[in-house]
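Colleague: sequence unavailable; structure follows:
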Ligand SMILES: [Fe+2]
């Protein structure tokens, strides 16, 4: 079957009639093609780019040899998935947590929880890298050099971003710096890292720190996703992270502006992701997912379901943070 030719919303698969009908445990998740529904990350406007980011945009943008959506069928399928995820995504992007985030104390609460999503993002990314590239010795040629390029480019940025001339830092530690600037509690996240560094099992490490139950559930859902088949993990990476973050972080930046909160390091972190995820990582991750799912409708369906679960996990995290705002309303 050629991608983009058969269209049906996942969850209510319309079985084709006759001998060619597809059966089995994974009904065809045929994807709606809505030419008028543009991928939303394309609408993101980079904000206040620093010169370094402008150079990267011009270098890695339209001139990149890796470009997503260069196949009509893939574009149609991707738009269909976006349509299926639209409700969950819109719910998340219009979550009341953003508008409730008004005070420094609330920002501290937000960051003290969100830092775990910043940390577990790297598990998703590194799980993809471990599967798509060769990180063991002796080296063996990975099957898809283009997928290797995509994931290594993203790892290069996320794990060793250039934060100044000749200075490099992973985004997790960049986030910790932003937390310290506003005196948010970094201790649980640092204790988690320390416990893992000392060889502690991840579940035991999570048990050993002070972490909100909903945040723990979010991290657990991410760790579980990291065990899923690669195309599902890539869908979580795309729709639960790289595609989502630019708009999500734009909402938070709007909140910071409206509330007059300075948080300069946090603003830098957010702007960096709006730029890099919207301009580069999102399209790269889209291309990666298309490569992994190919023309297999069952894979596209599984990818969609995994993405939906990731969005729901994020919504539950935002719900919990919002409740924490209300519980600490007097602070
Ligand atoms: Fe990214």
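Modeller: Yep, that arrived. Being a predicted model, the structure only gives us computed values, none of them experimental.
Colleague: for residue 121, which non-adjacent residue is closest in space?
Modeller: residue 241 (5.9 Å; C-beta to C-beta, 6 or more residues apart in numbering). Using the backbone N, CA and C atoms, a C-beta is placed for each residue, glycine as well.
Colleague: doesn't the one you found belong to a helix?
Modeller: Yes - under DSSP: H, G, I helix; E, B strand; the rest coil, residue 241 sits within a helix.
Colleague: so what's the residue count around it?
Modeller: Here the number of neighbours of residue 241 (other C-beta atoms under 10 Å) works out to 23.
Colleague: ok, now which ones touch the residue nearest the centre of the chain?
Modeller: The chain has residue 241 as the residue nearest its centroid, 0.9 Å off, counting by C-alpha atoms, centre = their mean. Contact analysis of residue 241 by C-beta atoms under 8 Å, 6 or more residues apart in numbering lists 121, 124, 277, 285, 310.
Colleague: the fourth one and the ion, how far apart?
Modeller: Put plainly, it is residue 285. 8 Å (C-beta to the ion, to the nearest Å).
Colleague: likewise the third one?
Modeller: Here the criterion is C-beta to the ion. By it, residue 277 lies 4 Å from the ion.
Colleague: quick check: residues of this structure near the ion?
Modeller: 277, 281 (C-beta under 5 Å from the ion).
Colleague: how about the strands in the chain?
Modeller: Listed in chain order, the strands of the chain (DSSP state E) span 161-164, 167-169.
Colleague: what's the mean pLDDT across the first one?
Modeller: Averaging pLDDT along strand 161-164 gives 93.
Colleague: which parts of it are buried?
Modeller: Counting neighbours by 16 or more other C-beta atoms under 10 Å, one finds that the buried residues in strand 161-164 are 161, 163.
Colleague: equivalent analysis for stretch 288-306, please.
Modeller: Of the residues in stretch 288-306, 288-293, 296-306 count as buried by neighbour count, 16+ other C-beta under 10 Å.
Colleague: for the strands of the chain, give me TSV that also has distance to residue 327.
Modeller: Formatted as TSV, those follow (distance: least, C-beta to C-beta, whole Å):
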stretch	distance to residue 327
strand 161-164	35
strand 167-169	33
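Colleague: need phi/psi at residue 209.
Modeller: Here is the backbone geometry of residue 209 (degrees, to the nearest 10): phi -120, psi 170.
Colleague: ditto for residue 262
Modeller: Taking degrees, to the nearest 10 as the convention, residue 262 sits at phi -80, psi -80.
Colleague: ok, now residue 133?
Modeller: Dihedral angles phi and psi of residue 133 (degrees, to the nearest 10) take the values phi -120, psi 180.
Colleague: export the contacts of residue 241 as a markdown table, with columns for neighbour count and pLDDT.
Modeller: Shown next, in a markdown table, are these (neighbours: other C-beta atoms under 10 Å; pLDDT from 0 to 100):
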| residue | neighbour count | pLDDT |
| --- | --- | --- |
| 121 | 19 | 98 |
| 124 | 21 | 98 |
| 277 | 27 | 94 |
| 285 | 26 | 97 |
| 310 | 27 | 98 |
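Colleague: next, the contact list for the residue of the stretch 151-300 of the chain found nearest the ion, please.
Modeller: Closest to the ion within the stretch 151-300 of the chain is residue 281: 3.6 Å, counting by C-beta to the ion. Going by C-beta under 8 Å, 6+ apart, residue 281 touches 154, 157, 242.
Colleague: among the buried residues of stretch 288-306, name the ones in helices.
Modeller: Among the buried residues of stretch 288-306, the members falling in helices are 288-293, 297-306 (criterion: DSSP state H).
Colleague: farthest-apart pair in the residues you listed, please.
Modeller: Among these, the pair separated by the greatest distance (C-beta to C-beta) is 291 and 305, at 19.1 Å.
Colleague: let me see the contact set for residue 314.
Modeller: Counting by C-beta under 8 Å, 6+ apart, residue 314 has contacts 92, 117, 218, 240, 244.
Colleague: top of the residues you listed by neighbour count?
Modeller: Neighbour count (other C-beta under 10 Å) singles out residue 240 as the most crowded of the contacts of residue 314, with 29 neighbours.
Colleague: pull up the gap between the closest residue to it other than its chain neighbours and residue 234, please.
Modeller: The spatial neighbour of residue 240 that comes closest, neighbours along the chain excluded (C-beta to C-beta, 6+ apart), is residue 310 at 3.0 Å. For residue 310, the distance to residue 234 (C-beta to C-beta, to the nearest Å) stands at 11 Å.
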